[in-house]
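predicted structure and sequence below. I'll ask about it afterward.
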Amino acid sequence: MGPVILQTPRLFLREFTQEDFPQLLSLMQDRAAVYAYEHDFMEEEVKEWLGLQLCRYRADQIGFWGAFHRETAELVGHAGLSYEEICGRRLLDSGYLLKHAFWHMGYGSELLSACRDYAFHRLGAESVYSVTKADDIAFQKVAKSIGMKKVKEFKRGSYQGEVLCFLYEAVQK
């Protein structure tokens, strides 16, 4: 188990390791959890996703981290930061994914605000962004609840073709 990157009142986040693969596979194959992707993740795709995070940890010292319950150490989901090419700009993107069993408990807001604060206070970022599909109302509510503002609408490729997306931004005050 790697070192804790950050903690929230109920969760701790740490880098994923290869040993986390079974739990990560369970998360990424939870159809309810990955509804926004409109895609069923095969085992090989989850291995690729984990490999990408391991590369991000080395290259950028950020990525999507495992979010574990502080009392039980159960994987609740993942959350984090990554540099992404969005609308022709390299932006610091934030996001999260929760197991369906942990929806409607405030974990999304807890994780997204912790990632935003990490970006501002640890990375010195002036802005942090989140991209969401136009029909992902739940994510939009979370983004708004932590003070993010919708700044752009654009189309982006997805597993289902081009979809309308919204870009949310939080600005360091």
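Looks like it arrived, so ask away.

the helix-or-strand element of the chain with minimal mean pLDDT: partners in the sheet, and parallel or antiparallel?
Least confident helix or strand of the chain, by mean pLDDT, DSSP states H and E, is strand 149-158 with a mean of 90. Strand 149-158 pairs in its sheet with strand 161-171 (antiparallel), by DSSP bridges.

all helices of this protein, in order?
For the chain, applying DSSP state H gives helices covering 21-28, 43-60, 107-121, 137-145.

pick the most deeply packed of the ones you listed.
helix 107-121 (a mean of 21; mean count of other CB atoms under 10 Å). Where C-beta positions appear, they are placed from N, C-alpha and C, glycine not excepted.

report the angle between it and helix 137-145.
Calculated by axes from the mean of the first three to the mean of the last three CA atoms, to 10 degrees, helix 107-121 forms an angle of 40 degrees with helix 137-145.

on contacts alone, who are the packing partners of helix 107-121?
Other elements packing on helix 107-121 under the criterion 3 or more CB pairs under 8 Å, 6 or more residues apart in numbering; DSSP states H and E are strand 4-7, strand 11-14, strand 75-86, strand 89-98, strand 127-133, helix 137-145.

can you redo the helices of the chain as JSON lines with mean pLDDT and distance to residue 87?
Below are the helices of the chain laid out as JSON lines (pLDDT from 0 to 100; distance: least, CB to CB, whole Å):
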{"stretch": "helix 21-28", "mean pLDDT": "95", "distance to residue 87": "26"}
{"stretch": "helix 43-60", "mean pLDDT": "96", "distance to residue 87": "20"}
{"stretch": "helix 107-121", "mean pLDDT": "98", "distance to residue 87": "19"}
{"stretch": "helix 137-145", "mean pLDDT": "96", "distance to residue 87": "17"}
